[in-house]
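Novice: coords below, sequence missing:
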């Protein structure tokens, strides 16, 4: 049974930083690229960042490029999202998921964790 558990969100002032974590289980972690996605109120879930199975390549949505960094620890089946210089527009629920393709960023299925809330506000 695939499980994805996100943590690390919170309330932060503009310009602040947060580090999100996701622990995965129920599948062979190194078989999959992983991604972070976010869903803001009233908006569709959107891809934020992706990482290849062994961390060789990463890519980011234009809105977060230069501010966010995705990484993974395959020994612990963890994926991280370091978020710096946060802006109010980054406010959303953040989710991780395994991807069917690094290039498309499409998740394997519709199995999502509960996510972690990030709120950027002064």
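Specialist: Yep, that arrived. Not measured: the values here are computed from a predicted model.
Novice: So residue 52 sits against residue 33, correct?
Specialist: Yes. Counting by C-beta atoms under 8 Å, residue 52 touches residue 33, with 5.2 Å between them. (Each C-beta comes from the backbone N, C-alpha and C, glycine too.)
Novice: shared neighbours, these two?
Specialist: residue 102 (C-beta atoms under 8 Å, 6 or more residues apart in numbering).
Novice: mind checking the SS state of residue 43?
Specialist: Under DSSP: H, G, I helix; E, B strand; the rest coil, residue 43 falls in the coil class.
Novice: So for it, what's the nearest residue that isn't a sequence neighbour?
Specialist: The shortest distance from residue 43 to any non-neighbouring residue, by C-beta to C-beta, 6 or more residues apart in numbering, is to residue 92 (7.9 Å).
Novice: Kindly tell me how buried the nearest residue to residue 120 once chain neighbours are set aside is, as a neighbour count.
Specialist: Take residue 120 and drop its neighbours on the chain: the residue closest to it by C-beta to C-beta, 6+ apart is residue 86, 4.6 Å away. Residue 86 has 22 neighbours, counted by other C-beta atoms under 10 Å.
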